[in-house]
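>>> Got a sequence here, can you model it:
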Amino acid sequence: AAMVAEPERVHLLENPGKLGLGRAYATGFARALSFDQYDVVVQMDADGSHAASDVDRLVAAAEDADLVIGSRYVPGGSSLGLVGARGLLSRGGNSYARLLVHTKVNDLTGGFKAWRATLLAKLIGEATGSDGYAFQIEMTVRAARAGARIVEVPITFHARRAGSSKMDWRIAAEAAWLVPWMARHYSSRRNGARQG
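Now for the predicted structure:
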């Protein structure tokens, strides 16, 4: 009898050095899309801040959407343990980005998303202007400007449970000057999102 091997379920990509969050995501997205067998690609933090139990809800919502955002800032969503300067940076940065790019998306800075593979392939095939945390904002803005159907589903975000955050004021400042660039660069009438 022949033994059939189970396909690999976990693939680890290691970067040779620090290339930035945006580049790490783009590399991971390209790898996921290279399998050419998935309809939805999910991105999430692996430090315990995003609950794996929410993945099914995001994927289910992708039946009627091109991009599903696990949102802290819609009714039913929340952030636990994100206090002080870090909480202010998160909420303030998100409000600042929303104001400048004129979007109805409530959580532009979050990293828990389910992407339709077709949309993701289109977006990562084009260069981005940001490699750091602003990449989260830019990808969502680009999706909206491309006419994507964007849905936000409420999640509870937990402050990092493992490791230490790489977010600091230098990274926030970089994002702050990139957001006005995005507002000009991706100007369009299409900017909506709906809650799921």
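>>> Which of the three states applies to L100?
Classification of L100 using DSSP: H, G, I helix; E, B strand; the rest coil returns helix.
>>> quick one: which helix or strand includes the closest residue to it other than its chain neighbours?
Nearest non-adjacent residue to L100, counting by CB to CB, 6 or more residues apart in numbering: A183, 4.6 Å away. Yep, even glycine has a C-beta here, placed from its N, CA and C like the rest. According to DSSP states H and E, A183 maps onto helix 169-185.
>>> pLDDT of that helix, averaged?
For helix 169-185, the mean per-residue pLDDT is 72.
>>> cool, and stretch 121-135?
82.
>>> Could you do stretch 90-107 as well?
Stretch 90-107 comes out at a mean pLDDT of 86.
>>> Assign the spatially most central residue of the chain to helix, strand or coil.
Of all residues in the chain, the one closest to the mean position by CA atoms, centre = their mean is G111, 3.5 Å from it. Following three-state DSSP, G111 is assigned to coil.
>>> any idea how far it lies from D54?
Noted for G111: a distance of 13 Å to D54, by CB to CB, to the nearest Å.
>>> Whichever strand or helix holds V151 - what's its average pLDDT?
Assigned by DSSP H and E, V151 falls within strand 150-154. Taken as a whole, strand 150-154 has an average pLDDT of 98.
>>> Run me through the strand neighbours of that strand, direction for each.
strand 67-71 (parallel), strand 194-195 (parallel) (DSSP bridges).
>>> what residues are up against the residue nearest to the centre of the chain?
43-45, 50, 136 (CB atoms under 8 Å, 6 or more residues apart in numbering).
>>> Tell me the one of those residues nearest L99?
Nearest to L99, judged by CB to CB, of the contacts of G111 is Q136 at 16.5 Å.
>>> That closest one reaches D107, doesn't it?
No. Under the contact definition of CB atoms under 8 Å, Q136 does not touch D107, with a separation of 9.3 Å.
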